[in-house]
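S.K.: Okay, sequence plus prediction incoming.
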Amino acid sequence: MYVCICNAIKETDLRAAARQCHSDAETIYASMGRPPQCRQCLDDAEEILAEARSPQNPPIRPAFACPRLALSA
Ligand code: FES
């Protein structure tokens, strides 16, 4: 399911990104090379990121070390 229509970012992309670094949605979008445009999706994206992260399943890297992220096909 697409979370961000402007940038064609899927829920699966956000869930994978949640494990890569502890950044907010806006930073993760930028790491994907797709910064937010209309910003309508950011609240939903933040909820998905929070849901995908847990104390037992924390991000691999801190926010300042967010890598370049790829989108799924
Ligand atoms: S729907 Fe995500 S920036 Fe517009």
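M.R.: Looks like it came in fine. Numbering: from 1, shown residues only.
S.K.: From now on I want contacts and neighbour counts done on CA atoms only, so please keep to that.
M.R.: Fine.
S.K.: now the helices for the protein?
M.R.: Taking DSSP state H, the helices of the chain run over residues 11-20, 25-31, 42-52.
S.K.: Can you pull up the most central residue in the protein?
M.R.: Nearest to the geometric centre of the chain sits Leu14, at 3.8 Å (C-alpha atoms, centre = their mean).
S.K.: wait, isn't that residue in contact with Ile48?
M.R.: Yes. Counting by C-alpha atoms under 8 Å, Leu14 does reach Ile48; the two are 7.0 Å apart.
S.K.: ok so, going back, for the helices of the chain, which one sits closest to Arg68?
M.R.: Arg68 lies closest, by C-alpha to C-alpha, to one member of the helices of the chain: helix 25-31, at 4.9 Å.
S.K.: what helices or strands is that closest one leaning on?
M.R.: helix 42-52 (3 or more C-alpha pairs under 8 Å, 6 or more residues apart in numbering; DSSP states H and E).
S.K.: Does the ligand have contacts with the helix it packs on?
M.R.: No. Residues of helix 42-52 are not located near the ligand by C-alpha under 6 Å from any ligand atom, the shortest gap being 6.5 Å.
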